[in-house]
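Participant: just need the structure, nothing else, for what follows:
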Amino acid sequence: MQVSPHILPALLLLGLLTGCGEGLRLEGSVTSLLDLHYERAEALATEDEASVSFLNHQGAGENTILKVSAVLDGLVLTPGVPVDLAELLGEEEDAPQRGSVSRNVKPTREFPRILRGTLTFDKALSPTAKVPGNFHVTFVNGTDVYSGRTIFGRFEAIVP
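Facilitator: Residues are numbered from 1 along each chain as shown. All right, here's what the predicted structure looks like:
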């Protein structure tokens, strides 16, 4: 089949236009339930916690589409070394976990406990730095709408 030389540029333009607009987004099976497109990522670290937040502007403020946090109790954050988000911070089976996932957008619903997951920053979190990294989370099985589902993504976060 031969394509007209006039149609080829139109097809290329259509392909470019449909490929645009995706923007930045997180992936995983949770995306069938939540829109996880974001405009920018922000990374923070204190003595107690390290986190990456995925943000969208809304009016004069911002929405936190998703925030992945890790309690640093007894842990030194090291570039390139994954933090185990499912690690228990106690001996009991229901002890708090090192990691958590949250969002500040409606619908506001808590996520289940983390079955397995990591958060990795590829560089040190120094002020004004752009820090690449990645995370992945699988939630425990259960009756919650997010049970057994996944969220993951690579990011380049700004450190304020």
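Participant: how about stretch 35-42 as CSV, C-alpha atoms only?
Facilitator: Extracted in CSV, the C-alpha atoms of stretch 35-42 (Å, rounded to 0.1, in the frame of the first residue of the first chain):
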residue,chain,number,x,y,z
ASP,A,35,-5.4,10.2,38.2
LEU,A,36,-1.7,10.3,39.1
HIS,A,37,-0.5,13.0,36.7
TYR,A,38,1.6,15.6,38.4
GLU,A,39,3.4,18.9,37.4
ARG,A,40,6.4,18.7,39.7
ALA,A,41,8.1,16.6,42.3
GLU,A,42,9.6,17.9,45.6
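Participant: mean confidence for it?
Facilitator: Stretch 35-42 comes out with an average pLDDT of 96.
Participant: before we move on, what about stretch 91-99?
Facilitator: 95.
Participant: which positions in that stretch come out as buried?
Facilitator: Within stretch 91-99, the residues scored as buried using 16 or more other CB atoms under 10 Å are 97-99. (Each C-beta comes from the backbone N, C-alpha and C, glycine too.)
Participant: which ones among those residues are found in strands?
Facilitator: G99 (DSSP state E).
Participant: want to throw the buried residues of stretch 91-99 into TSV with distance to G142?
Facilitator: Below are the buried residues of stretch 91-99 laid out as TSV (distance: CB to CB, whole Å):
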residue	distance to G142
Q97	15
R98	20
G99	17
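Participant: tell me the one of the buried residues of stretch 91-99 nearest S32?
Facilitator: Among these, G99 lies closest to S32 (CB to CB), at 22.4 Å.
Participant: these two touch, right, that closest one and A70?
Facilitator: Yes - counting by CB atoms under 8 Å, A70 is a contact partner of G99 at 5.2 Å.
Participant: lowest mean pLDDT among the helices and strands, pick that one out for the chain.
Facilitator: Scoring the helices and strands of the chain by mean pLDDT, DSSP states H and E places helix 7-19 at the bottom, with a mean of 44.
Participant: low pLDDT regions in the protein?
Facilitator: For the chain, residues meeting the criterion pLDDT under 70 lie at 1-22.
Participant: before we move on, back to that, who's in contact with the helix or strand following the least confident helix or strand of the chain?
Facilitator: Later in the chain than helix 7-19, the nearest helix or strand by DSSP states H and E is strand 24-25. With CB atoms under 8 Å, 6 or more residues apart in numbering as the test, strand 24-25 has contacts from 31, 36-41, 54, 153.
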